[in-house]
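*Asks:* Need coordinates for the below:
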Amino acid sequence: MAAEAIGTEGADEKVNILIVDDRADKLLAHEVLLEEVNQNLVKATSGKEALRCLLRQDFAVILLDVNMPGMDGFETASLIRQRPRSETTPIIFISAVNDTENHVSRGYSLGAVDYILTPVVPEILRAKINVFVDLYKKTEQVKRQAEERAKFIRAEAARQEAEAAQERLAFLAEASNVLSASLEYQETFESLARLAVPRLAEFCIIDMAEEGGTLRQVAVAHRDPAQQEKLRELQQHYPSSLSARHGGTRVFHTGEPEVAEITDETLELMFEDETTRAFVRGLRPQCFIAVPLVARGRVLGAITLVNVESGRACGPGEMALAEELARRAAIALDNASLYQSAQKARNEAERANLAKDRFLAMLSHELRTPLMPVLTTLLSLEHEENIPDEIRGSLQMIRRNVELEARLIDDLLDLTRISKGKVQLSLEPVDAHELLRNAVEICESGIDEKNLQLQLDFAAARFRFEADPARLQQIFWNLIKNAVKFTPNGGDLRIRTSNDGEGSFCVEVADSGVGIDAESLPKIFHAFEQGERARLGGLGLGLAISKALVETHCGRITAESPGRDQGATFTAVFPLPEKDVETQTNGTASATAERKALRILLVEDHEDTNRSLTQLLRRRGYQVQPAHNLQRALEIAGQEEFDVLVSDIGLPDGTGVELIQQLTASRPVVGIALTGFGMEEDIQKSHDGGFSHHLIKPVDLNKLDSLIQQVGCS
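*Replies:* Model prediction:
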């Protein structure tokens with residue numbers, strides 16, 4: 001028979017009574033007899049079923065029949081007593097056997113509180129049951145009160161701990177803010193000392209390790225302002241040697257925190273001389289906490305926190321908070337150190353970068369200057385009518401290589417400009433096809449020399465837009481030169497233009513050359529990056545410069561290659577305006593017909609450059625007065641009138657800027673600077689100094705001619 005709960009109404013306020021008997025009539029009799037008790041009656045028909053009931057709920061008292069088949073009442077009681085939760089539950093044995101010596105004594109030995117013989121007197125049984133019910137209720141009430149009290153104590157302790165934790169977190173948050181507010185060492189030390197007082201101690205001493213094996217007192221703070229100066233005087237008595245025995249040096253050596261009471265005995269252990277001990281006694285210390293400042297495994301110094309009030313403890317809580325403060329302070333100090341190191345490294349890098357720029361500028365000047373007379377002489381010789389064709393071909397070959405040398409120098413300077421973001425464009429309407437043909441013409445000798453099969457497909461319907469013509473031609477030349485360089489003899493070279501769906505102008509340069517491996521392809525536009533292609537020579541700057549110039553024109557450039565020895569394709573895309581722009585065309589013949597014989601004062605200290613440039617300009621119909629230094633130029637200017645000043649910047653007895661400033665003091669002068677210095681700073685200086693134009697050696701004679709003619713037309 002399954003256990004059955006009786007009287008479920010008000011179960012929350014009633015207690016449970018377990019009745020165990022194998023006979024149903026006796027269970028019913030007990031139920032009727034105990035109905036007046038008005039509690040929850042639970043019935044069980046065997047010892048095993050009674051044990052199962054005890055697993056599910058607690059009982060105020062158990063009525064247990066002694067004689068039951070299988071497991072009798074005594075065995076059941078023995079098992080009940082073995083279970084900790086029911087070992088004190090009152091058990092009343094009920095039996096029809098009147099064997100006091102055997103049954104009653106055995107029942108009491110098993111922990112029974114009573115032994116009742118049948119027939120049961122109802123009033124007596126109810127009275128006994130009520131006693132145990134009241135006892136159970138009072139016991140449960142006491143338990144609940146104890147639990148509520150314990151719960152209240154735990155809640156109060158948790159609240160106090162939460163408040164303390166919140167206070168600690170607020171303090172540490174404030175400490176982090178204060179410590180991170182400055183990257184200056186001394187300010188960080190002083191902020192740290194002020195943070196510790198009075199939150200952690202009455203006064204604080206911060207020591208830092210220095211070279212030479214000493215600890216230096218870097219900051220102090222005292223709760224009493226009147227004691228602040230006295231605390232500073234402690235430095236005069238404080239042993240700075242790391243061999244000293246006070247708390248700061250000990251934690252510096254061990255890297256472990258320390259806490260101790262301060263007595264005469266501890267003072268004698270810390271300080272050897274009585275004068276120091278007497279001075280420390282005057283500060284009335286009671287206890288101290290010393291914690292190391294550790295950053296990245298290195299001990300930087302120590303914080304010593306001292307209390308002078310006997311009621312203020314140096315306990316575990318204060319120690320933990322001091323350690324956390326020291327940890328954050330060490331990070332702040334380490335950050336300050338890293339910042340100072342970074343600043344130093346940055347300054348050194350900036351100085352090195354400036355030195356590099358100065359070196360490049362000087363290198364450019366020194367390399368360009370000797371190229372100028374070579375190039376001008378070659379140009380002059382090429383126009384001689386009586387030069388044999390084979391000699392003329394050699395001269396052209398020399399000129400191309402000199403121009404290539406000048407282009408390599410320009411690439412180095414362009415790389416510097418790009419890294420500084422100082423690439424400037426002179427935008428004007430251009431015919432991209434015309435510039436592309438010019439670039440092909442420049443590379444024609446290399447194409448012919450390698451017997452490359454050149455295919456031109458200028459299919460773009462729209463090819464006019466605003467761009468810097470010199471820079472755009474430089475992009476085209478770099479891409480074609482790159483393809484020629486990396487394509488073997490007899491290979492294919494295809495140059496194609498088109499307009500894509502977005503209305504852009506596209507230039508595609510494809511070759512059948514050495515190709516680009518998958519590892520190098522993503523880095524092909526990086527400066528000095530050529531991958532396996534480096535074995536064919538070159539600096540690896542052309543593509544990097546081309547990418548920067550394309551992007552400066554708001555375009556994009558890509559590279560594709562199936563792999564090594566399978567060729568490569570470079571595609572440059574430039575945005576087009578809504579409407580085509582018209583390019584400016586000035587016929588060379590009309591320009592030549594309108595040429596003016598202008599007077600030029602040419603100032604150049606390099607003898608070969610001066611002589612060759614003078615000859616070329618005179619051949620073009622100009623009246624040229626050469627000078628080799630500033631003084632001679634001033635003398636000529638004082639004797640003759642001139643229309644244009646063409647001057648080098650660096651002169652033996654001054655600068656071109658000084659010259660034009662002295663000349664413009666009396667009358668307006670149009671000046672063209674002619675120099676080997678081509679950095680952005682050099683160009684800006686020449687413009688600020690008074691020059692209208694800045695040309696870089698070796699000069700493009702046509703460009704110089706054009707600028708001189710602009711002066712004549714103005």
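*Asks:* what ranges do the strands span in the stretch 301-450 of the chain?
*Replies:* For the stretch 301-450 of the chain, the strands defined by DSSP state E, counting those that start in this stretch cover 428-431.
*Asks:* Quick one: low-confidence residue ranges for it.
*Replies:* 310-311, 356-368, 372, 382-383, 400-424 (pLDDT under 70).
*Asks:* What backbone torsions are found at Thr571?
*Replies:* Backbone torsions for Thr571, taken as degrees, to the nearest 10, come to phi -130, psi 120.
*Asks:* That one contacts Glu508, correct?
*Replies:* Yes - in terms of Cβ atoms under 8 Å, Thr571 counts as a neighbour of Glu508; the distance is 4.9 Å. In short, each C-beta sits where N, CA and C put it, glycine included.
*Asks:* May I see the domains of this protein written out as residue ranges?
*Replies:* 4-144, 180-314, 423-574, 593-713 (automatic domain parsing).
*Asks:* Quick one: closest of those domains to Ala158.
*Replies:* domain 4-144 (20.3 Å; Cβ to Cβ).
*Asks:* Go ahead and measure how far the closest one is from the middle of the chain.
*Replies:* Centroid displacement of domain 4-144 relative to its chain, using Cα atoms, centre = their mean, to the nearest Å, is 75 Å.
*Asks:* and the helix or strand where Val178 lies, what other elements does it pack with?
*Replies:* Per DSSP states H and E: Val178 is located in helix 122-179. Contact partners of helix 122-179 among helices and strands, from 3 or more Cβ pairs under 8 Å, 6 or more residues apart in numbering; DSSP states H and E: helix 24-33, strand 61-65, strand 114-117, helix 185-196, helix 316-382.
*Asks:* what would the ones you listed look like in CSV with distance to Leu543 and mean neighbour count?
*Replies:* What follows is these, written out as CSV (distance: least, Cβ to Cβ, whole Å; neighbours: other Cβ atoms under 10 Å):
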stretch, distance to Leu543, mean neighbour count
helix 24-33, 102, 15
strand 61-65, 97, 27
strand 114-117, 106, 17
helix 185-196, 47, 19
helix 316-382, 20, 16
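*Asks:* Now distance to Glu49 too, for these, in JSON lines please.
*Replies:* Converted to JSON lines, these look like this (distance: least, Cβ to Cβ, whole Å):
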{"stretch": "helix 24-33", "distance to Glu49": "12"}
{"stretch": "strand 61-65", "distance to Glu49": "12"}
{"stretch": "strand 114-117", "distance to Glu49": "21"}
{"stretch": "helix 185-196", "distance to Glu49": "70"}
{"stretch": "helix 316-382", "distance to Glu49": "55"}
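*Asks:* which stretch among those comes nearest Gln166?
*Replies:* Across the helices and strands packed on helix 122-179, closest to Gln166 is helix 316-382 (Cβ to Cβ), at 13.0 Å.
*Asks:* Can you check what angle separates the closest one from helix 122-179?
*Replies:* Here helix 316-382 runs at an angle of 40 degrees relative to helix 122-179 (axes from the mean of the first three to the mean of the last three Cα atoms, to 10 degrees).
*Asks:* Report all helices and strands that helix 316-382 contacts.
*Replies:* Using 3+ Cβ pairs under 8 Å, 6+ apart: helix 316-382 touches helix 122-179, helix 185-196, strand 287-295, strand 298-307, helix 389-419, helix 607-619, helix 680-689.
*Asks:* between that helix and helix 680-689, how many degrees?
*Replies:* Using the same axes, to 10 degrees, helix 316-382 lies at 70 degrees relative to helix 680-689.
*Asks:* Flag the shaky bits of the stretch 101-250 of the chain, pLDDT-wise.
*Replies:* For the stretch 101-250 of the chain, the stretches flagged by pLDDT under 70 are 101-103, 111, 183, 212-213, 234-248.
*Asks:* Tell me which residues of the host helix or strand of Ile557 come out buried.
*Replies:* Using DSSP H and E, Ile557 sits in strand 556-560. Under the neighbour-count criterion of 16 or more other Cβ atoms under 10 Å, strand 556-560 has Ile557, Ala559 buried.
*Asks:* What of stretch 702-709?
*Replies:* Leu704, Asp705, Leu707, Ile708, Gln709.
*Asks:* One more: stretch 560-575?
*Replies:* Ser561, Gly567, Ala568, Thr569, Phe570, Thr571, Ala572, Val573, Phe574.
*Asks:* Which residue, other than its chain neighbours, is closest to Ile116?
*Replies:* What sits nearest to Ile116 in space, not counting adjacent residues and going by Cβ to Cβ, 6 or more residues apart in numbering, is Ile94, at 5.2 Å.
*Asks:* Now do the contacts for that neighbour.
*Replies:* Going by Cβ atoms under 8 Å, 6 or more residues apart in numbering, Ile94 touches Asp21, Leu63, Leu64, Asp65, Val66, Ile116, Leu117, Thr118, Val120.
*Asks:* which residues of the stretch 501-650 of the chain score low on pLDDT?
*Replies:* Where the stretch 501-650 of the chain drops to pLDDT under 70, the residues are 527-540, 580-596.
*Asks:* Among the buried residues of stretch 560-575, which ones are in strands?
*Replies:* Those of the buried residues of stretch 560-575 mapping onto strands are Ala568, Thr569, Phe570, Thr571, Ala572, Val573, Phe574, per DSSP state E.
*Asks:* so the first one sits right up against Glu560, yeah?
*Replies:* Yes - Ala568 is within contact range of Glu560, at 6.9 Å (criterion: Cβ under 8 Å).
*Asks:* right, and Arg327 touches Val294 too?
*Replies:* Yes - here Arg327 reaches Val294: they are 7.3 Å apart, a contact under Cβ under 8 Å.
*Asks:* which residues sit in contact with Ala295?
*Replies:* Ala330, Ile331, Leu333, Asp334.
*Asks:* re the thing from before, okay, angle between the helix holding Val178 and helix 185-196 too, please.
*Replies:* With the same axes, to 10 degrees applied, the angle from helix 122-179 to helix 185-196 works out at 150 degrees.
*Asks:* got the angle for helix 122-179 vs strand 61-65?
*Replies:* 140 degrees.
*Asks:* chain center to helix 122-179: distance?
*Replies:* Mean-position distance between helix 122-179 and its chain equals 50 Å (Cα atoms, centre = their mean).
*Asks:* Repeat that for stretch 500-516.
*Replies:* 37 Å.
*Asks:* buried residues in it?
*Replies:* Along stretch 500-516, these residues count as buried under the neighbour rule (16+ other Cβ under 10 Å): 504-516.
*Asks:* which residues of the stretch 551-700 of the chain fall in helices?
*Replies:* 588-593, 607-619, 630-639, 656-664, 680-689 (DSSP state H, counting those that start in this stretch).
*Asks:* Kindly compare burial across those helices and name the winner.
*Replies:* Of all the helices of the stretch 551-700 of the chain, helix 656-664 has the most neighbours on average by mean count of other Cβ atoms under 10 Å, namely a mean of 20.
*Asks:* ok, and what's touching it?
*Replies:* Taking Cβ under 8 Å, 6+ apart as the rule, helix 656-664 contacts 603, 630, 633-634, 637, 645, 647-651, 669, 671, 673, 675, 685-686, 689-691.
*Asks:* Now do the contacts for Val15.
*Replies:* Gln39, Asn40, Phe59, Ala60, Val133, Tyr136, Lys137, Glu140.
*Asks:* Next up, the contacts around Arg632.
*Replies:* Residues near Arg632 by Cβ under 8 Å, 6+ apart: Val603.
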